[in-house]
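> What shape does this take:
(chains A, B, C and D)
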There are 2 protein chains.
Amino acid sequence: MFDIFKKYLSERATLTEAELCLIHSLSVKKKIAKRGFILRKGEISRHTNFVSKGLLRLYRTDHRGDEYILKFADENHWINDRESYLTGQPSTANIEAIEDSEILAWKKSDFDLLLNKIPAFKELMKNLSAKLQIASENRFYTSVSSTAEEKYLQFVIKYPAIFNRVPLQMVASYIGVSRETLSRIRRISVSK
Amino acid sequence: MFDIFKKYLSERATLTEAELCLIHSLSVKKKIAKRGFILRKGEISRHTNFVSKGLLRLYRTDHRGDEYILKFADENHWINDRESYLTGQPSTANIEAIEDSEILAWKKSDFDLLLNKIPAFKELMKNLSAKLQIASENRFYTSVSSTAEEKYLQFVIKYPAIFNRVPLQMVASYIGVSRETLSRIRRISVSK
DNA sequence: CGATTCTTTGAAAACAGTCAATCTGTGTGG
DNA sequence: CCACACAGATTGACTGTTTTCAAAGAATCG
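Residues are numbered from 1 along each chain as shown, chains lettered A, B, ... in the order given. Have a look, this model is predicted:
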């Protein structure tokens, strides 16, 4: 379980054995069954989570109960509610396992300690954060500038691994259309 | 011109005179006339820009020529194309002055130097960056979960200063509806 | 003023959402 | 092993919203 993460790190940063050991020692392994939650609306997101196995989704629900998936996270990706994590406010989102999953979690205070003690780790996280920022801005742009069909096709191309593992209604929720509309888009797209 | 920025800094960070002086010495003042550009699609965003006077917008154009405003920046706000700035790739966006404006600009290499030499400045920018990240995620969520009318009302409440300074068609472009639709939304909202 | 620029309005068409019903595949318990 | 339940996917008919296109009305600026 930590091996997956070790591999992830080794491909992205140069760390000493002692540093790796420190990172390891502060991590907590968790297994999440399918349909299990690691965060529920109203709770505070207190951990940084690395997915070593499985697949999770972060979603919000609006006043009518409709779900909007903001993020998927499969192996080698991080997930938490950044807003709640950074501000300490109750989260507006839920994070649920789509498959049986395994994660490594660090308490915020421990994770901050790691960032401060290990410059290469901090650098890695900074780069990641910058990429997420860019992705987030682009996602907004796509949501307003693209048609539902374009969004669907982009999703399939960009996240084939996710596409093959989630029900279509979650794809619909991610791209922001109803499942019926997605179904109709697909019928047309296939015949083209 | 630098006074505005000095005030901005003093309200958010504790800096020595020497540090302020260093920041000042590396800054470049620029005046941008209304309709002038500080970045055009295809160019590389090489500067970090602080708006000390006026109002600018960052927008992209799609394949049909339709404009989508991603950001407004008035006094005391920063603006550049983060994607291009961080990756060094040509920008997909334009940054244009909506009013006669004045900005302070730092070359990326100079700005990085400031971040490295002045911890308090780095901390300030880190906090800002975190807030932008959160805002960006929320903006996406709003774009898919809210109706056009809700988005309009939220915009008016959240950015009254911007609302009072830009033509309605730019509000429409920002919230992602056609100007005709915004016009109709307003007629109905007012009568309520 | 006269010329832009901006806003509003009407009518039609395109698009997506909703509701209800049906279909499909999967897995579980008897 | 079968029957049934259940989650997911699709379809049809209808409704509602937004866009588009075209035109006309304000407002603003040199």
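> hmm, the longest helix along chain A in reach of DNA strand D?
For chain A, the longest helix by residue count, based on DSSP state H, is helix A:119-145. No - shown here: helix A:119-145 not in contact with DNA strand D (CB under 7 Å from any atom of the strand), separated by at least 8.6 Å. Placement of C-beta: from N, CA and C, glycine included.
> and whichever helix or strand comes after that helix, average pLDDT?
The helix or strand immediately downstream of helix A:119-145 is helix A:148-158, counting by DSSP states H and E. Taken as a whole, helix A:148-158 has a mean pLDDT of 92.
> Please apply the same query to stretch A:58-72.
Rounded mean pLDDT across stretch A:58-72 is 92.
> and the longest helix of chain A with helix B:119-145, angle?
Angle of helix A:119-145 versus helix B:119-145, following axes from the mean of the first three to the mean of the last three CA atoms, to 10 degrees, is 30 degrees.
> For helix A:119-145, name the packing helices and strands.
Applying 3 or more CB pairs under 8 Å, 6 or more residues apart in numbering or on different chains; DSSP states H and E, one finds that helix A:119-145 makes contact with helix A:17-26, helix A:108-117, helix A:148-158, strand B:67-74, helix B:82-87, helix B:119-145.
> which sections of chain A are below the confidence cut-off?
Along chain A, segments meeting pLDDT under 70 span A:188-192.
> show me the contacts for the spatially most central residue of chain A.
Nearest to the geometric centre of chain A sits A:Ala73, at 3.4 Å (CA atoms, centre = their mean). Each residue near A:Ala73 by CB atoms under 8 Å, 6 or more residues apart in numbering or on different chains is listed here: A:Val51, A:Leu55, A:Leu56, A:Arg57, A:Leu58, A:Ile79.
> go again using 10 Å as the cut-off
A:49-51, A:54-58, A:79-80, A:95, A:98, A:101, A:103, A:162 (CB atoms under 10 Å, 6 or more residues apart in numbering or on different chains).
> now, among these, which is nearest to DNA strand C?
A:Ile98 (14.7 Å; CB to the nearest atom of the strand).
> Quick one: neighbours of the closest residue to that closest one other than its chain neighbours, just the number.
Excluding the flanking residues, the one nearest A:Ile98 by CB to CB, 6 or more residues apart in numbering or on different chains is A:Leu55, at 4.6 Å. Per other CB atoms under 10 Å in any protein chain shown, the neighbour tally for A:Leu55 reads 20.
> Also the one 3 residues further on?
By other CB under 10 Å, the residues close to A:Leu58 number 23.
> That one: which element?
strand A:55-61.
> the inter-axis angle of that strand versus strand A:67-74?
160 degrees.
> strand partners of strand A:55-61, parallel vs antiparallel please.
strand A:67-74 (antiparallel), strand A:93-97 (antiparallel) (DSSP bridges).
> which ones are touching A:Glu137?
Residues near A:Glu137 by CB under 10 Å, 6+ apart: B:58, B:60, B:70-71, B:81-83, B:93, B:132-133, B:136-137, B:139-140.
> Pull the strand holding A:Leu58 out as PDB, backbone CA atoms only.
Extracted in PDB, the C-alpha atoms of strand A:55-61 (Å, rounded to 0.1, in the frame of the first residue of the first chain):
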ATOM      1  CA  LEU A  55     -11.600   5.200  -7.200                       C
ATOM      2  CA  LEU A  56     -13.400   7.900  -5.400                       C
ATOM      3  CA  ARG A  57     -15.500  10.900  -6.300                       C
ATOM      4  CA  LEU A  58     -16.000  14.300  -4.700                       C
ATOM      5  CA  TYR A  59     -19.500  15.800  -5.200                       C
ATOM      6  CA  ARG A  60     -21.800  18.400  -3.900                       C
ATOM      7  CA  THR A  61     -25.600  18.300  -3.700                       C
END
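> in it, what counts as buried?
A:Leu55, A:Leu56, A:Arg57, A:Leu58, A:Tyr59, A:Arg60 (16 or more other CB atoms under 10 Å in any protein chain shown).
> One more: stretch A:144-163?
Buried residues in stretch A:144-163, counted by 16+ other CB under 10 Å: A:Val144, A:Ser145, A:Ser146, A:Ala148, A:Glu149, A:Lys151, A:Tyr152, A:Phe155, A:Tyr159, A:Ile162, A:Phe163.
> Quick check: which element contains A:Val177?
Using DSSP H and E, no element contains A:Val177; it sits outside every helix and strand.
> Could you tell me how many residues sit around it?
Around A:Val177 there are 20 residues (other CB under 10 Å).
> And for the one 4 residues further on?
Burial of A:Thr181, expressed as a neighbour count using other CB under 10 Å, amounts to 15.
> likewise A:Ala172?
Around A:Ala172 there are 21 residues (other CB under 10 Å).
> So it is in contact with A:Ile69, correct?
Yes - with contact defined as CB atoms under 10 Å, A:Ala172 reaches A:Ile69; the gap is 9.1 Å.
> ok, the nearest residue to A:Asp66 once chain neighbours are set aside - contacts?
Closest residue to A:Asp66 apart from its sequence neighbours, by CB to CB, 6+ apart: B:Ser145 at 7.4 Å. Residues in contact with B:Ser145 (CB under 10 Å, 6+ apart) are A:Arg60, A:Thr61, A:Asp62, A:His63, A:Arg64, A:Asp66, A:Glu67, A:Tyr68, A:Gly176, B:Lys151.
> Please indicate which of these are buried?
Among these, the ones that count as buried (16+ other CB under 10 Å) are A:Arg60, A:Tyr68, A:Gly176, B:Lys151.
> can you tell me how far the closest residue to the third one other than its chain neighbours sits from A:Glu83?
So the one you mean is A:Gly176. Excluding the flanking residues, the one nearest A:Gly176 by CB to CB, 6+ apart is B:Val144, at 3.9 Å. To A:Glu83, B:Val144 is 17 Å away according to CB to CB, to the nearest Å.
> ok, now A:Ala161?
For A:Ala161, the distance to A:Glu83 - CB to CB - is 26 Å.
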